[in-house]
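> need a 3D model of the sequence below.
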Amino acid sequence: MSKTILIVEDEQVLRESLAGLLAGEGYEVIQAGDGKEAYEVILNRPVDLVLSDVRMPEMDGMALLSHLKKSIPETPVIMVTAYGTVDSAVSAMRSGAWDYLLKPVQLEDLLVKIERALEFEEMSRDQRVITDQLAAESAFHNLVSEAPSMLSLFEQVRKLSAVTSNVLLVGESGTGKELFARAIHYNGVTRKKPFVAVNCGAIPDTLIESELFGHRRGAFTGAIRDKTGYFEAATGGTLFLDEISTLPKGIQSSLLRVLEEQVVIPVGDTRPRPINVRVIAASNQDLEKMVREDAFREDLLYRLNVVKLTLPPLRQRKGDIPLLVHHFIDKFTGEMNKPALGITNGAMRALLNHGWRGNVRELENVIERAVIFAEGRTIGVRDLPFGDGELEDDVGEDLKEALRQFERQHIIYSLRRHDYDKGETAKHLGIGISSLYRKLEELSIPKNIGTEEPSDEA
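Got it, this is the predicted structure:
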């Protein structure tokens, strides 16, 4: 199905010439002599792209752009301007225009920009279809913890979701930095905008500038077409830069300029392209130490470190392990369509004793593996990759508290599975009803859980 382009131009000869060229390329073309006429068109029929002059009678291009951003905000608009009025075109881009062209319009340049804008619009439309799904997957409640240090971080996430300030996330590998970044993005003002995640350490040094900022066709060998960089792809939303410490010093300088000026210049181009992006950077390295060693730019660190969140390793919050274990069991039994599983005390002790160098990511992988190998029965020590050798009789004071938390969560989990029927729950646990009530009191579990205070279920 051909795309529909609306051409808005008061010079009839130029307008009809452009219309003929685009029609020859297979586009359906609608013409309007000024902004007022164009606005009437878009009120009565859909268009895929608007190509508009800046200076026109009745309603000029800037006024039309303002109306378009309110009525059809996702439709790309390309502004056409004379050489001496480039400033107005840049101003239009800051107001939401996709791109601009200089008169006299070059056909090749026109076609490239239209094709790129339509491709981006199509990608954006697909993205809008899955936005709610992504938001659900990244919902705030998926940040699971009862540790005071983590609950404090959750409160900071709520506050950061309401603004677009840059954020620096630091912590060991596997502590959930990308999950925190997604929670910040999807639970606030940017939730309907793009979230683009980039692993800086996975991109070769020779390509990282092109990947981040884009390039023009012919900029280097292999650049057979224009490429939109990650910054432009994330405009209006969030760019998550993981492993920021791996960026070469030269790219650090370019990144600093982009953050200061809010524009990017694609490789092989000379014209700045305005952007509006919140950057969330993450690192498992000590960036302050890298600054002292002249391996990381201090001024770039200041730009990234508007707000800093330090994520604690799992070994410092072992009381969360039982909670996370049940969370991941529920997740993977649902995904694999397996029966609901429990976990033996021995297996839980093994999990509590483990060092968790890979943090929450390692725990998630261990539970996924356990759900697979348990094949519908209760998860035991034999289903874990580390085995009996790590079990100890003396688990230490902090682990005793963790075991207390495990017992608490296990009872809550059993109550939930039996629809909060305390008789059935006691029977399942192998204890009397009076013993269950005593446990509810000892472990500070509300006796009316599941009715007045359901928040303790999770």
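> can you pull out the low-pLDDT segments for the stretch 101-250 of the chain?
Within the stretch 101-250 of the chain, the stretches with pLDDT under 70 are 121-142.
> all helices of it, in order?
In the stretch 101-250 of the chain, the segments counted as helices under DSSP state H, counting those that start in this stretch are 107-137, 148-160, 177-186, 208-213, 230-233, 249-261.
> so which of those helices comes closest to residue 349?
helix 148-160 (22.7 Å; C-beta to C-beta). Quick note: C-beta positions are derived from backbone N, CA and C, even for glycine.
> could you say what helices and strands that closest one packs with?
helix 177-186, strand 307-310 (3 or more C-beta pairs under 8 Å, 6 or more residues apart in numbering; DSSP states H and E).
> hey, which of these is tucked in deepest?
Burial of the helices and strands packed on helix 148-160 is given as mean neighbour count (mean count of other C-beta atoms under 10 Å); helix 177-186 ranks first at a mean of 24.
> can the helices and strands packed on helix 148-160 go into JSON lines with extra columns for distance to residue 298?
Listed next are the helices and strands packed on helix 148-160 as JSON lines, based on distance: least, C-beta to C-beta, whole Å:
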{"stretch": "helix 177-186", "distance to residue 298": "22"}
{"stretch": "strand 307-310", "distance to residue 298": "15"}
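> could you report the pLDDT at residue 449?
On the pLDDT scale, residue 449 is placed at 68.
> would you list the helices of the stretch 101-250 of the chain in JSON lines and tack on distance to residue 293?
Formatted as JSON lines, the helices of the stretch 101-250 of the chain follow (distance: least, C-beta to C-beta, whole Å):
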{"stretch": "helix 107-137", "distance to residue 293": "38"}
{"stretch": "helix 148-160", "distance to residue 293": "28"}
{"stretch": "helix 177-186", "distance to residue 293": "22"}
{"stretch": "helix 208-213", "distance to residue 293": "21"}
{"stretch": "helix 230-233", "distance to residue 293": "27"}
{"stretch": "helix 249-261", "distance to residue 293": "12"}
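> which one of the helices and strands packed on helix 148-160 lies closest to residue 290?
Here strand 307-310 is closest among the helices and strands packed on helix 148-160 (C-beta to C-beta), at 14.7 Å.
> partners of that closest one, with directions?
Sheet pairing for strand 307-310, assigned by DSSP bridges, gives strand 167-170 (parallel).
> the closest residue to residue 144 other than its chain neighbours sits in which helix or strand?
Of all residues not flanking residue 144 in the chain, residue 327 sits nearest, at 4.8 Å (C-beta to C-beta, 6 or more residues apart in numbering). According to DSSP states H and E, residue 327 maps onto helix 321-336.
> counting by contacts, list what that helix packs against.
By 3+ C-beta pairs under 8 Å, 6+ apart, helix 321-336 packs against helix 345-353, helix 359-374, helix 397-417.
> okay if I get these as CSV plus mean neighbour count and mean pLDDT?
Output for the helices and strands packed on helix 321-336, formatted as CSV (neighbours: other C-beta atoms under 10 Å; pLDDT from 0 to 100):
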stretch, mean neighbour count, mean pLDDT
helix 345-353, 20, 85
helix 359-374, 19, 92
helix 397-417, 18, 69
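> got those helices as a markdown table, with distance to residue 243 columns?
Shown next, in a markdown table, are these (distance: least, C-beta to C-beta, whole Å):
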| stretch | distance to residue 243 |
| --- | --- |
| helix 345-353 | 28 |
| helix 359-374 | 14 |
| helix 397-417 | 31 |
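> residue 306 is nearest to which of those?
It's helix 359-374; of those, that one is closest to residue 306 (C-beta to C-beta) at 25.1 Å.
> now the angle between helix 177-186 and that closest one, please.
100 degrees (axes from the mean of the first three to the mean of the last three C-alpha atoms, to 10 degrees).
> tell me the helices and strands packed up against helix 359-374.
helix 321-336, helix 345-353.
> point out the other helices and strands that the shortest one packs with.
Using 3+ C-beta pairs under 8 Å, 6+ apart as the contact test, the elements touching helix 345-353 are helix 321-336, helix 359-374, helix 397-417.
> got those helices as CSV, with distance to residue 180 columns?
CSV is the format used below for the helices and strands packed on helix 345-353 (distance: least, C-beta to C-beta, whole Å):
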stretch, distance to residue 180
helix 321-336, 15
helix 359-374, 11
helix 397-417, 22
